[in-house]
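Colleague: Dropping the sequence and predicted coords here.
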Amino acid sequence: MDTDDIRVAVLLIEGTNNEGEVYLAFKRLGAEPEFVHLKQLMHEKDIFDYQCLMIPGGFSAGDYIRAGAIFAARMKSTLCKKLIEFAKNGYPVGGICNGFQVLVELGLLPAFDSVMSNYPQAALAINDSSRFECRPTLLKHESKGNCIFTKKIPYQEVVLMPSAHAEGKFLFPLEKKDEYLQYLIDNDQVVFRYVGPQGDYAGYPWNPNGSIHNIASICSPEGNVFGMMPHPERVFYGFTHPDWTRVHKENGDGKAVFESVLDYIRRKF
């Protein structure tokens, strides 16, 4: 498949607010992204008209109940079977920040027992600081090749992507914490972890939320469903990095995320 034939659905409801950056990231690389309201996907459009589904950041439905819970409930109520089929057939599904929260609420991540679990197996809870954290974050790439969204990023490379969230603390149920964490590690589902300036796994403020195992991003066991709290779309270009005047990078660290998924689609479809 040629890049200009790749259609990407950037999914919206009230409260999403990072859709423009996600749209532009794909557009700049030659794909055909489209803003798609959830109601359109429910009643007018077919998810299989697209080769990739992206859920952007923001505060969908005001983040009432829990961040991403209402968005996920609406999707699950009418699109459950199609979402399962879409993911099962290897189509990429990505969620950034609020989108990550939605994927966890849906059960598409971490998806230990099926493509979509019947109930959330993890949570993205309120930051340890009990406040909204907006800061550059350093991330070490931990995926050994499973995640299709990061194949162009070398293993163990440290990248910079900004975080901006109030509920980003990745957690498992206490009684399942050790078991689920080991499952993530063994199945190469941990994609990025928060680190400090020396590349060590550090606490606050380098880990802005207190996530278990410093987890910033995970993928599904098959690698085609991907969620992360930091924002790769905000560092597509080097000049949007906070240290650009010292480093002068042409490409931002987030660009490779979008390049990776497009490369996967070209090869698979």
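Modeller: Cool, the structure landed. Small disclaimer: the values here were computed from a predicted structure and weren't measured.
Colleague: now the helices for this protein?
Modeller: 19-28, 38-43, 69-88, 98-106, 177-186, 244-247, 255-268 (DSSP state H).
Colleague: Against which helices or strands is the second one packed?
Modeller: Helices and strands touching helix 38-43, by 3 or more C-beta pairs under 8 Å, 6 or more residues apart in numbering; DSSP states H and E, are strand 7-12, helix 69-88. Every residue, glycine included, has its C-beta placed from N, CA and C.
Colleague: Indicate which one of the helices of the chain is closest to Leu53.
Modeller: Proximity of the helices of the chain to Leu53 was assessed by C-beta to C-beta; the nearest stretch is helix 69-88, lying at 6.8 Å.
Colleague: hmm, which helix or strand of the chain has the shakiest average pLDDT?
Modeller: In the chain, no helix or strand scores lower on mean pLDDT, DSSP states H and E than helix 244-247, which sits at a mean of 83.
Colleague: so which of the helices and strands packed on helix 38-43 is the most packed in?
Modeller: Mean neighbour counts were compared across these using mean count of other C-beta atoms under 10 Å; the top stretch is strand 7-12, at a mean of 23.
Colleague: Direction included, what does it pair against?
Modeller: strand 32-37 (parallel), strand 52-55 (parallel) (DSSP bridges).
Colleague: which residues make contact with the least confident helix or strand of the chain from outside it?
Modeller: Contacts with helix 244-247, where a contact means C-beta atoms under 8 Å, 6 or more residues apart in numbering, come from Gly238, His241.
Colleague: next one: that helix to chain centre, how far?
Modeller: Put simply, helix 244-247 sits 27 Å off its chain's centre (C-alpha atoms, centre = their mean, to the nearest Å).
Colleague: same check, this time on stretch 157-166
Modeller: On C-alpha atoms, centre = their mean, the centre of stretch 157-166 falls 12 Å from the chain's centre.
Colleague: quick one: average confidence on it?
Modeller: Throughout stretch 157-166, pLDDT has a mean value of 97.
Colleague: Tell me the buried residues in it?
Modeller: Applying a neighbour-count criterion of 16 or more other C-beta atoms under 10 Å, one finds Val158, Val159, Leu160, Met161, Pro162, Ser163, Ala164, His165, Ala166 buried in stretch 157-166.
Colleague: how many neighbours does Glu250 have?
Modeller: By the criterion of other C-beta atoms under 10 Å, Glu250 has 8 neighbours.
Colleague: OK, contacts around the nearest residue to Ile148 once chain neighbours are set aside?
Modeller: The spatially closest residue to Ile148, leaving aside those adjacent along the chain, is Tyr264, at 4.3 Å (C-beta to C-beta, 6 or more residues apart in numbering). Contacts here follow C-beta under 8 Å, 6+ apart; on that basis Tyr264 touches Pro92, Ile148, Lys151, Asn224.
Colleague: Distance check, Tyr264 against Phe86.
Modeller: Look at Tyr264 and Phe86: by C-beta to C-beta, to the nearest Å, they are 15 Å apart.
Colleague: Check Asp63 too.
Modeller: 25 Å.
Colleague: Tell me the pLDDT of the closest residue to Asp49 other than its chain neighbours.
Modeller: Distance criterion C-beta to C-beta, 6+ apart; nearest residue to Asp49, sequence neighbours excluded, is Arg7 at 6.5 Å. Looking at Arg7, its pLDDT stands at 98.
Colleague: same deal with Asp113?
Modeller: 89.
Colleague: Same question for Asn98.
Modeller: 97.
Colleague: ok, the nearest residue to Leu181 once chain neighbours are set aside - contacts?
Modeller: Distance criterion C-beta to C-beta, 6+ apart; nearest residue to Leu181, sequence neighbours excluded, is His213 at 5.8 Å. Contact partners of His213, counting by C-beta under 8 Å, 6+ apart, are Leu181, Leu184, Ile185, Val190, Arg193.
Colleague: Neighbours of Pro154, how many?
Modeller: Using other C-beta under 10 Å: Pro154 sits among 10 other residues.
Colleague: err, Ile212, not the other one
Modeller: Neighbour tally, Ile212, other C-beta under 10 Å: 15.
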